[in-house]
Structure formats: C-alpha cells, structure tokens
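A.B. asks: give me a model of this one.
(chains A, B, C and D)
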Protein chains: 2
Amino acid sequence: MTTTGNSPMRSVHRALDVLKVLELAQQPLRLTDLAQRAGLHVATTQRLVGVLTEHGYASRHANGYTAGPAALSTAHAFATTSPLRLVARPVLEEVATTTGLTASLYVRVQDTRVLIDRVEGGRRPHYSLPIGERLPLYPGAAGKVFVADEDPDAVAARLAPVALADGTLLDTEAVRADLRRVRENGYAVSVDERQIGTTAVAALITDTAGRPLGSLGLSGATSSLRDVTATPLPADTRRAAHAIGARVPAAT
Amino acid sequence: MTTTGNSPMRSVHRALDVLKVLELAQQPLRLTDLAQRAGLHVATTQRLVGVLTEHGYASRHANGYTAGPAALSTAHAFATTSPLRLVARPVLEEVATTTGLTASLYVRVQDTRVLIDRVEGGRRPHYSLPIGERLPLYPGAAGKVFVADEDPDAVAARLAPVALADGTLLDTEAVRADLRRVRENGYAVSVDERQIGTTAVAALITDTAGRPLGSLGLSGATSSLRDVTATPLPADTRRAAHAIGARVPAAT
DNA sequence: ATGTTTCTATCATAGAGTGATAATCGGGGG
DNA sequence: CCCCCGATTATCACTCTATGATAGAAACAT
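C.D. replies: Got it, this is the predicted structure:
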C-alpha cells in the first residue's frame, strides 16, 4: 500500500501508514493481513501496531485490530479547535438555510479529501453520520477544486482513469478537460458523478494569501438542480467560500 | 509531559505523545510551546509534527498547530468498526429508554477514559457533542470501575489526591476505601463527583474471559436519583454491562 | 494428536533519529 | 528604514534504535 520508502522518520511514517490501513479496512484485520496491506514485515508491523494500541489509536479484538478510541479524542479536539471549522460553521448554516441544500466542508489530506463538517439543508436529517468520511479527490465537485490549480497534465495522469457512479470511465483527456473548465470557472460542478441523483457545486476556500484551506460544496437532488451553471448558485458558492477564507487568519 | 524515556520505537512513541499534547491543548500551539509541553527538543518536535501534519493528524495554522482532520477519518472508522461499540449500541438504547437516564459507554486508554458512545435518556438532547471526550479515571463512576480490580494501594497512591467538583479533596485513604467498596459491590456510584447535580451508576464490561473492555454508566439528575443504592438501578446496570460483554467475542 | 497458520521473541547490523549549533525568517519598536 | 529578538528551519557527526531474517511459541483446525 502506501509505500514510504527509505526516509527519515521512517518508523513514524510507517506507523501512520498502518493506521491508515486500519482506517480504510473498515473491518478488523489480523496482524498478517495488516502487514501485507501495509507492505511491511510482520515483525515490524507488530511493533508498530503495538505502540499504536498502547496509545489507544489502534485496538485489538478477537478477530484482529481496528482503529482505536484515542482517534475519537483527537477528532474531538480537532472539531473544537480547527480554526477553519469554527469559522466556517456559521457560513455553512446560513448557506444551507438560504439555498435549502446541504453544505459540506472538506479539507484535503494527501490525495484524499475528508468531510469536516456538514449542515443539511432539507428536512430529513440523514441518520448516517458521515463526518470524517474520506473520499477520493476526483469524482465529486468538492474534490476537483483542490487539484484544478495544479499542473493539469500531471494531475490528470495521476488520477485517471476515474470511474463514475454510473460506471462511466473517464480517461486522462476527459479529466484534464474537466479540470481546465473548473479552473477557468473558479468553481466545480458534479452531476451524478459520485452519487447518482446528486448534483453538487463546489468552490475552493483559500486564505488571504491564496493558499488552499478546504472546499465548500453545496449538494442536492439532481432533479431539483437542472442547469445549475445558469443559476446564481455557482456565484453564491464562490462568495460563501470566499467569506470563509477571509475570516481565517492567513498562515505564514 | 508524557516522558517516554529511552526505548525501542521511541520516535513513534514521541510522535503520539506530541499528538496527545495537541489534543489536550484545545488551542493552537506554536512549535516552541509544543516542544516544551511534550518535553522534547524543538528540532525533534518539528520533525515529528511535520510527519503528523503530512499525514493529516496535525494541522498548521497562522497561530500554531492543532490536531488534524485525519483524526476524524480514523475516528469515523473506529466508530463504525469497533465491535464493542457496535454490540453495545442497542443495549445503550434499550437501557436509556427503560430508565430514562443517559447511557454512556467508555473505554480505557492508559490512565484516562474516553467516551465512545452515548444515548440520552431525557428529552433535551444536549447540543454539545461530547463523544470523544477524554476524562480522568478517578472522579466519576464509569472511571472508577476500571481500577477497582487492580491493586488498591498502588492505584490509590497513583491517583490521589483527587479533587471533586465541589472542591473537596480526597486523600489516598479515601480513594482506597471508595475503590474497595466498588470492588465489593461490583458497581460504582458517583454523586456530584465530577459534575455537580449529576449522579451516575456504572459497571465494568468484561469479555467472557473476564478481561475489561469498557464501562457502562447511567447518569441523571441527582435530585431524581436519591439513594440509588437502594434501587434496582445498580443491578440493572450490571446486567446491561454483562449483556454487552457476553456478545463481544473474547480476545485471545 | 499432528499439521498449519499466526503470533511473539531474539539478535546482529545498518542506518535512521537525535540534538547541538548555526543559518534564516518574521515582526515590532525605535 | 533598520535593527533586534524570538521563532522556525537547516546542517551534520555520532549513537543507539529500528529493522527483518530466523527461530520459537501459541493458537487453530483437521
């Protein structure tokens, strides 16, 4: 899996890789399994999960290891201290109520995005609690905006081919074209890309220095969002994203 | 802070210590600050948070580092895969509705306990989301049960003196006496210990082999829980805790 | 019981982690 | 505008830790 070759801090890198494997597995993993998926020697893996377990970030059960409870604590701390999250909250709420759509806040973690906060616009509050979900960068409006400003060729080559929810495969060229449009527009649109029946508009959130902080996505039923590009929604999204970024103190 | 002397896997231990410092700080910490609290050299600390940040477990802002978004992902994974949590859920719900009290599930992490899940019994759902909160082992019924079975002298010496919510200080002897009672009873009671106005009854959850897995606490207003020891609540709590433990596959 | 798999312990060697030192950056005040 | 001070980043030689091959011990299934 995530091969962290030879490098300084190797053991720490590896430990976090192991943790990531546990996270992605979504089921208890036996030591051997874990080692295999992490691409590490069994002995090494054992030492690493041992430490993780000791600190509560991994957990051992009858049928293997899973992520551990300490992650909840750290997540709790993140949720209550992250400047971005704190600053964005009121904006999410406002935009969710005015548009009736679901407002989602993502941040990028390596080549994935993580859902940091969400305010449902409609009535039915989803009972699945998706906060913390890790999603790919490409299918999905709120992911694309992260890579739209990078070198199109490199990105497209790295991400493609991409499979959409309906089974369509996007080749390098299609991805590149799409990303170019995102860059030109300053916002991204996704129609049934990741979830059939869901349309989303998203914009990048940057600090005052222009550094990317996260992304704001507004999503709703495709049926009620025909031809979004012709509506004021994209502009609203950009405005909201800008409002968030403007209130976050710029990092050095 | 958590001094992890010389030992194998030192860097990993230290990395997790740094993460713990970030978690406990509850505010952005500058590098220097962080190093100081972690008891590490600044250069070392920088390398460690660097790795943590790269993987998303720490986050850098204008005014320092905080815990990072990846913790949310890991927490999400934990929440959806932890056998204990999954098995306990229905029991929490049942006991919360039948008693009208709040049912809380804790697990132990080193010398702390972490709130893993909670079902509110009353009507007013607290809008603070306390799941993930890290609390001390001693004040509080659901914490005491974790240490009641250990060597009383050692534990009492390690934890005392303890400050209660009303300002009372418990010395070693008082702690020991209290823990002895917990052990004899098989459950713990806390009246206004950690939260003034809140009374709780808790029991240890063990697997079929007797190993401690977590603890179950039932809490409510002190005013409505006079003389709990004389009620069937303790027995109910123990029964529920046992029901949970019985459904968790025993670890090796 | 007996084979088979999974987990834990041991150990020599390579090479990574460490921390002192120095260079660089950034911001505030004079 | 410049200087100064605190904070952050880079450099580097030495020590000691992390590594993985191997072997041993459990656990498990047949």
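
A.B. asks: lowest-confidence helix or strand of chain A?
C.D. replies: Lowest mean confidence among the helices and strands of chain A (mean pLDDT, DSSP states H and E): helix A:152-159, at a mean of 88.

A.B. asks: so which bits of it are buried?
C.D. replies: For helix A:152-159, a neighbour-count test (16 or more other CB atoms under 10 Å in any protein chain shown) marks A:P152, A:V155, A:A156, A:L159 as buried. Heads up, the C-betas are built off the backbone N, CA and C, glycines and all.

A.B. asks: with stretch A:136-156 instead?
C.D. replies: Going by neighbour count (16+ other CB under 10 Å), the buried part of stretch A:136-156 is A:137-148, A:152, A:155-156.

A.B. asks: next one: stretch A:176-189
C.D. replies: Across stretch A:176-189, burial judged by 16+ other CB under 10 Å covers A:R176, A:D178, A:L179, A:V182, A:R183, A:G186, A:Y187, A:A188, A:V189.

A.B. asks: quick one, helices of chain A?
C.D. replies: In chain A, the helices defined using DSSP state H lie at A:10-25, A:31-38, A:42-55, A:70-81, A:83-99, A:141-147, A:152-159, A:172-185, A:233-247.

A.B. asks: pLDDT score for the residue of chain A most remote from its centre?
C.D. replies: Relative to the C-alpha centroid of chain A, counting by CA atoms, centre = their mean, A:A43 is the outermost residue, at 32.1 Å. We have a pLDDT of 96 for A:A43.

A.B. asks: so it versus B:E133, what's the distance?
C.D. replies: Distance of A:A43 to B:E133, computed by CB to CB, to the nearest Å: 36 Å.

A.B. asks: where does pLDDT dip in the stretch 1-150 of chain A?
C.D. replies: Within the stretch 1-150 of chain A, the stretches with pLDDT under 70 are A:1-6, A:124-127.

A.B. asks: near DNA strand C, which residues of it?
C.D. replies: Contact residues (CB under 7 Å from any atom of the strand) of the stretch 1-150 of chain A with DNA strand C: A:6-12, A:30-33, A:42-43, A:46, A:64.

A.B. asks: show me the shaky parts of the stretch 151-252 of chain A.
C.D. replies: Low-confidence segments of the stretch 151-252 of chain A, defined by pLDDT under 70: A:251-252.

A.B. asks: may I have the beta-bridge partners of the spatially most central residue of chain A?
C.D. replies: The residue lying closest to the centre of chain A (CA atoms, centre = their mean) is A:R113, at 1.6 Å. Per DSSP bridges, residues listed as beta-bridge partners of A:R113: A:R108, A:L135.

A.B. asks: that one and A:P139 touch, don't they?
C.D. replies: No: the pair A:R113 / A:P139 is not scored as a contact, 11.0 Å apart, by CB atoms under 8 Å.

A.B. asks: identify the residues contacting the nearest residue to A:P234 once chain neighbours are set aside.
C.D. replies: Closest residue in space to A:P234, ignoring its immediate chain neighbours: A:Y187 at 4.7 Å, by CB to CB, 6 or more residues apart in numbering or on different chains. By CB atoms under 8 Å, 6 or more residues apart in numbering or on different chains, the contact list for A:Y187 reads A:A141, A:V145, A:V201, A:A202, A:A203, A:P234, A:T237, A:R238.

A.B. asks: closest one to DNA strand D out of those, please.
C.D. replies: A:V145 (25.8 Å; CB to the nearest atom of the strand).

A.B. asks: contacting residues for the closest one?
C.D. replies: So A:V145 contacts A:V182, A:Y187, A:A188, A:A202, A:A203, A:L204, A:S215 (CB under 8 Å, 6+ apart).

A.B. asks: next step: those residues restricted to strands.
C.D. replies: The strands, defined by DSSP state E, take in A:A188, A:A202, A:A203, A:L204, A:S215 from these.

A.B. asks: turn those into JSON lines, columns for distance to B:T229.
C.D. replies: Shown next, in JSON lines, are these (distance: CB to CB, whole Å):
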{"residue": "A:A188", "distance to B:T229": "61"}
{"residue": "A:A202", "distance to B:T229": "57"}
{"residue": "A:A203", "distance to B:T229": "59"}
{"residue": "A:L204", "distance to B:T229": "59"}
{"residue": "A:S215", "distance to B:T229": "54"}
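
A.B. asks: near DNA strand C too, which of those residues?
C.D. replies: Among the ones in strands among the contacts of A:V145, DNA strand C is touched by none when using CB under 7 Å from any atom of the strand.

A.B. asks: okay if I get these as a markdown table plus distance to chain B?
C.D. replies: Shown next, in a markdown table, are the ones in strands among the contacts of A:V145 (distance: CB to the nearest CB, whole Å):
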| residue | distance to chain B |
| --- | --- |
| A:A188 | 20 |
| A:A202 | 17 |
| A:A203 | 19 |
| A:L204 | 16 |
| A:S215 | 12 |
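
A.B. asks: what's the closest of those to A:L16?
C.D. replies: Comparing the ones in strands among the contacts of A:V145 against A:L16 with CB to CB places A:S215 closest, at 23.4 Å.

A.B. asks: okay but that closest one is in contact with A:I116, surely?
C.D. replies: No: assessed by CB under 8 Å, A:S215 is found out of contact with A:I116, at 9.8 Å.

A.B. asks: more neighbours, those two?
C.D. replies: A:S215 (29 against 23; other CB atoms under 10 Å in any protein chain shown).

A.B. asks: show me what contacts that one?
C.D. replies: A:105-108, A:113, A:142-143, A:145-146, A:202-205, A:241.

A.B. asks: now with 7 Å?
C.D. replies: A:Y106, A:A142, A:V145, A:F146, A:A202, A:A203, A:L204, A:I205 (CB atoms under 7 Å, 6 or more residues apart in numbering or on different chains).

A.B. asks: quick one: it and DNA strand D, what's the gap?
C.D. replies: Distance of A:S215 to DNA strand D, given as CB to the nearest atom of the strand, to the nearest Å: 24 Å.

A.B. asks: in the sheet, who's paired with that residue?
C.D. replies: A:S215 has these beta-bridge partners by DSSP bridges: A:Y106, A:L204.

A.B. asks: from B:V228, how far out is it?
C.D. replies: From A:S215 to B:V228 the distance is 50 Å (CB to CB).

A.B. asks: can you check A:R183 too?
C.D. replies: 64 Å.

A.B. asks: same thing with A:A148?
C.D. replies: Following CB to CB, the distance that separates A:A148 from B:V228 is 60 Å.

A.B. asks: same question for A:Y106.
C.D. replies: A:Y106 is 46 Å from B:V228, by CB to CB.

A.B. asks: the more surrounded of these two?
C.D. replies: A:Y106 (28 against 21).

A.B. asks: pretty sure that one sits against A:L115.
C.D. replies: Yes: when contacts are counted by CB atoms under 7 Å, A:Y106 is listed as touching A:L115 (5.7 Å).

A.B. asks: who touches both of these two?
C.D. replies: With CB under 7 Å, 6+ apart, A:Y106 and A:L115 have no common neighbours.

A.B. asks: mind listing residues that contact the least confident helix or strand of chain A?
C.D. replies: A:L137, A:Y138, A:V147, A:T172, A:V175, A:R176, A:L179, A:R180.

A.B. asks: and that helix, C-alpha only, in CSV?
C.D. replies: C-alpha atoms of helix A:152-159 as CSV (Å, rounded to 0.1, in the frame of the first residue of the first chain):
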residue,chain,number,x,y,z
PRO,A,152,-3.3,19.7,-15.4
ASP,A,153,-1.3,17.1,-17.1
ALA,A,154,0.4,15.8,-14.0
VAL,A,155,-2.9,15.7,-12.1
ALA,A,156,-4.9,14.1,-14.9
ALA,A,157,-2.2,11.5,-15.4
ARG,A,158,-2.1,10.7,-11.7
LEU,A,159,-5.8,10.4,-11.1
